[in-house]
Structures are given as C-alpha cells and as structure tokens.
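Colleague: Here's a sequence, model it:
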Amino acid sequence: MLKGIPHDSPLYEVDEDRGIEYRNCDAIVGFFTIKGDVSDLLPEGLKAYSKPAQGGIWISHYSFSTVGEYHEYLTVIQVEDEQGDMGYYIPYIYVTNDSALAAGRELAGAPKKLANIGLVKELDVVMGYLERPTGKRLVTFVMKPNTRALGGMIDFVLPKPTYLYSVRHLPPIKGKGGVTQLVKWYADIDFHVDPKGERAIFMGPGNITYDSPSVIDPVHKVEIDTLMTALYFQFDMKLGFVDILREY
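Modeller: As a prediction, this is how the structure comes out:
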C-alpha cells in the first residue's frame, strides 16, 4: 500500500497493484495541433510525437474515486519516449481535491495545483472551465456532443492503456536528498457502453479559448492552432504506475 503523510492519518492510500480507481465519471476532451515550438516544455527523454506537435485539454468530473470526488483539468502534449511508446506529457494539471493533489504530486510527479474547475451540461452543450483564483477564467471549452465518435480515431488518441509522463521533483535541503525523475504512468479507461454494446462516445463542434492568460498559471503556452476533435464521454478508469524512466 502506498501511503501519504501523516503516518497515523495519511491523506491518501493507494493499492499499488490496483492503482487509483474511478467509477461513473464524465469528461470533455479536445485534441488539437499546437502552434509553435513546445520543446522548451518537454523534459529530456521525451520528444514531440508528430510535426506539428499535437496536444489536448481534458476536463472531467470524477463522481467517485479512491482518492475522493473531484474535478480535474489537464493540458497534455503528445510525445514519444525512448522506448518508442506514444503517450502524453503533462505540463499543467489542476484538481479540486487535496488528496488527489498530494497523491498525484508525490507518487507520479504530476504538477497538480488546486483550482476552481467546472463541467456543466446545459441545453445542448457541455462546457468545461478552469479558474485560478475563482473568477480569473483561464480556459473555457464548449462543445456540442451530437454524433458518435469513430472507434479507430478514439483508439489512437486514447489507447488502452494511455501512457502519461510527468517529472517528479523533491528539492534538496542543503544539498542533500534531492531527486528529479521522469515518471511513466498510465490511465486505463473503460468507456461506458449503450444497451447494444457500443461505446457511448460523442463528438461534435467545439471551441477552446484562453480567456485571461496568466503568468502564474501559463496554460496558454500550449497554443492551440487547429482543434481537430472535441469529445464527450462517460467512463470508469484506473490510474497506475509503469516505471521511473530517468533521474536527472
């Protein structure tokens, strides 16, 4: 069992074999080509998977998980590691739950911060947003889920499992004890299915805006060129750990 601190009442406890488990969640995801060079955002050991580089934004609500209920926002860049695997490097990630924040930072190195995140379904649209602090709107993502998504495209952008990468950093104290590591982990996503057994993944028109850029939370650095697809789906998921690929 992986545990946080304090030792007598840890903030999180994670079964290392089963990972962190999620049930009855929903998300909107946008995949896009990235304008400009992202090499300065990537750590050694990873390179952009394609030219131009591609990335995405994920905004989700986890109605139940083994680290609690919360909302999450991710910016990702599609990358290739030195083993030849495709996955997503996470330069920016935000959550609404302290247990999820601590587990993500301490176990995987995910650079999580607390923020105000929402996923709203109203009329015929779904909207996700990121604010930090509340009222400072950094991102708005709106899409209309009006048709089924094609299976081949989904299996490429969100394979099973989907590899994730982040840099875990423990600062040294007076030159002792510091470590910086490239961590490879994964999301194993099970999309919900309809009564006919088809995956209920919907796509449709959408747009993402960086409403109010911030030097404190510079998610706008992953600049959107062309939004290729916008998706809405419900799912269950497991997060687990693969390996430490590098120590810097």
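Colleague: residues contacting Asp190?
Modeller: Asp190 makes contacts with 235-237, as judged by C-beta atoms under 8 Å, 6 or more residues apart in numbering. Glycine gets a C-beta too; all of them are placed from N, C-alpha and C.
Colleague: Quick check: mean pLDDT of the one helix or strand it maps to?
Modeller: Assessed by DSSP states H and E, Asp190 sits inside strand 179-191. For strand 179-191, mean pLDDT is 98.
Colleague: burial measure for the nearest residue to Val179 once chain neighbours are set aside, as a count.
Modeller: In this structure, Val179 finds its nearest non-sequential neighbour in Leu170, 4.9 Å apart by C-beta to C-beta, 6 or more residues apart in numbering. By the criterion of other C-beta atoms under 10 Å, Leu170 has 12 neighbours.
Colleague: What distance do you get for Leu170 to Gly177?
Modeller: 7 Å (C-beta to C-beta, to the nearest Å).
Colleague: Repeat that for Ile93.
Modeller: Taking C-beta to C-beta, one finds Ile93 at 25 Å from Gly177.
Colleague: Compare these two (neighbour count), which wins?
Modeller: Ile93 (24 against 9).
Colleague: can you tell me which residues contact that one?
Modeller: Ile93 neighbours (C-beta under 8 Å, 6+ apart): 72-75, 104, 110-113.
Colleague: How far off centre is the host helix or strand of it?
Modeller: Assigned by DSSP H and E, Ile93 belongs to strand 86-95. Here strand 86-95 is found 5 Å from its chain centre; the criterion is C-alpha atoms, centre = their mean, to the nearest Å.
Colleague: Report the separation between the most centrally placed residue in the chain and Asp40.
Modeller: Note on the chain: the residue nearest the mean C-alpha position is Leu74, at 3.8 Å, using C-alpha atoms, centre = their mean. Applying C-beta to C-beta, the value for Leu74 to Asp40 is 19 Å.
Colleague: Burial check on Thr229, number of neighbours?
Modeller: 18.
Colleague: Please consider this matter closed, and thank you.
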